[in-house]
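Here is my input, please return the structure:
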Amino acid sequence: MSALLGLDGLVLQPPRRAFVMTSLMAGFTLAVPGAAEAAAIHTDSAGLHAGEVRIPATGGTLPGYAAAPAAPGRYPVVLVIEEIFGVHEHIKDLCRRLAKAGYLAVAPELYARIGDLSTMTDVGAIIRDVISKAPDAQMLADLDSAAAWASTTGIEGSLGDPAPLGVTGFCRGGRNTWLYAAHNPAVKAAVAWYGPVGGATTPIQPRTAADVAAELKAPLLGLYGGADTGIPVADVEAAAAKARAAGKTVELRVYPEAPHGFNADYRPSYREDVAKDGWARMLAWFKAHGVG
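The predicted model follows:
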């Protein structure tokens, strides 16, 4: 098993443990107080191939969820990066929404090696016992594997076009969207939904989104809430300014009254108007930059 090169050049060994999660959770996460499954958006799979998939990756096979138009062919690929709560029904629904828009969307379960997010109910424990133990180098490699799977295997005859690759992520996945857009030169467009740009670093998570801002390899759209108490708008604007100073394309849309998680329709933080506006902006961003 080969070593992985971290974002700062540090060589990291991939975990040798067995995969803890071998299949995705059913339904919604158990870890969000006040989650309202009945109010969540449910996108049907009519006209789609959609379901759980297996993605070959370092050390084994990642469970994931994919959706694509049912007509055989090649479709632009969008990698969907989960929140800290795993690939639960909300993330699956986002994949189906993207498939309805003409994409092959795939969401790998990036934490499958470390913990079973389907059984965890305490957010602090998820962060401490799972998220903090996930090497960034492994995350980037697993997203590479998901992109390769889309273009070589796909789902039921629907394959990904290897050229127009997009990436989007939510919360922690928004942070990882910045990192992936700085990692993979094949990415044509990236959209980060309320992704932290700062925070502490560790040997296995050596750089923040702001640290890699000047290294972006694709245009990035950032969708943020002005009422997000955990992500200061000034920090996001500073990261965007750093990227622009390096000649990168970054556009920010800050919704003044929106809290963190404003697109998460199963949570009390959901704001329908800005979520719809952000979704439309994301699709337009992808198309404007050659993804779709």
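
Report pLDDT for the one residue sitting closest to the centre of the chain.
Geometric centre of the chain, nearest residue: Ile81, 1.5 Å, by Cα atoms, centre = their mean. Looking at Ile81, its pLDDT is 98.

Ala26 too?
88.

so what's it up against?
Glu89, Ser118 (Cβ atoms under 8 Å, 6 or more residues apart in numbering). Glycine gets a C-beta too; all of them are placed from N, C-alpha and C.

measure the closest residue to Val167 other than its chain neighbours to Ser132 for me?
In space, and not counting its chain neighbours, Val167 is closest to Leu79: 4.4 Å by Cβ to Cβ, 6 or more residues apart in numbering. Distance, Leu79 to Ser132, by Cβ to Cβ, to the nearest Å: 22 Å.

who's more crowded, the two?
Using other Cβ atoms under 10 Å as the criterion, Leu79 and Ser132 rank with Leu79 on top: 29 against 13.

can you give me phi and psi for Leu223?
phi -110, psi 120 (degrees, to the nearest 10).

circling back: so the residue nearest to the centre of the chain sits right up against Cys171, yeah?
No - contact between Ile81 and Cys171 fails when scored by Cβ atoms under 8 Å: they sit 9.3 Å apart.

what is the rounded mean pLDDT of the single longest strand found in the chain?
Identified as the longest strand of the chain according to DSSP state E is strand 158-170. Mean pLDDT, strand 158-170: 95.

Render the CA-only coordinates of it in PDB, please.
Provided in PDB are the C-alpha atoms of strand 158-170 (Å, rounded to 0.1, in the frame of the first residue of the first chain):
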ATOM      1  CA  SER A 158     -24.500   6.100 -17.300                       C
ATOM      2  CA  LEU A 159     -20.900   7.200 -17.300                       C
ATOM      3  CA  GLY A 160     -19.100  10.400 -16.400                       C
ATOM      4  CA  ASP A 161     -17.300  12.500 -19.000                       C
ATOM      5  CA  PRO A 162     -13.800  12.700 -17.600                       C
ATOM      6  CA  ALA A 163     -13.200  16.300 -18.900                       C
ATOM      7  CA  PRO A 164     -15.900  18.500 -17.300                       C
ATOM      8  CA  LEU A 165     -15.400  17.800 -13.600                       C
ATOM      9  CA  GLY A 166     -17.100  19.900 -10.900                       C
ATOM     10  CA  VAL A 167     -17.100  19.800  -7.100                       C
ATOM     11  CA  THR A 168     -19.400  21.100  -4.500                       C
ATOM     12  CA  GLY A 169     -19.500  20.600  -0.700                       C
ATOM     13  CA  PHE A 170     -21.400  21.600   2.400                       C
END
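
Which strands or helices does it pack on?
Helices and strands touching strand 158-170, as assessed by 3 or more Cβ pairs under 8 Å, 6 or more residues apart in numbering; DSSP states H and E, comprise strand 60-69, strand 73-81, strand 104-108, helix 136-152, helix 172-183, strand 187-193.

So for it, what gets flagged as buried?
Using 16 or more other Cβ atoms under 10 Å as the test for burial, strand 158-170 gives Ser158, Leu159, Gly160, Asp161, Pro164, Leu165, Gly166, Val167, Thr168, Gly169, Phe170.

could you check the angle strand 104-108 makes with that strand?
Strand 158-170 and strand 104-108 are oriented at 60 degrees to each other (axes from the mean of the first three to the mean of the last three Cα atoms, to 10 degrees).
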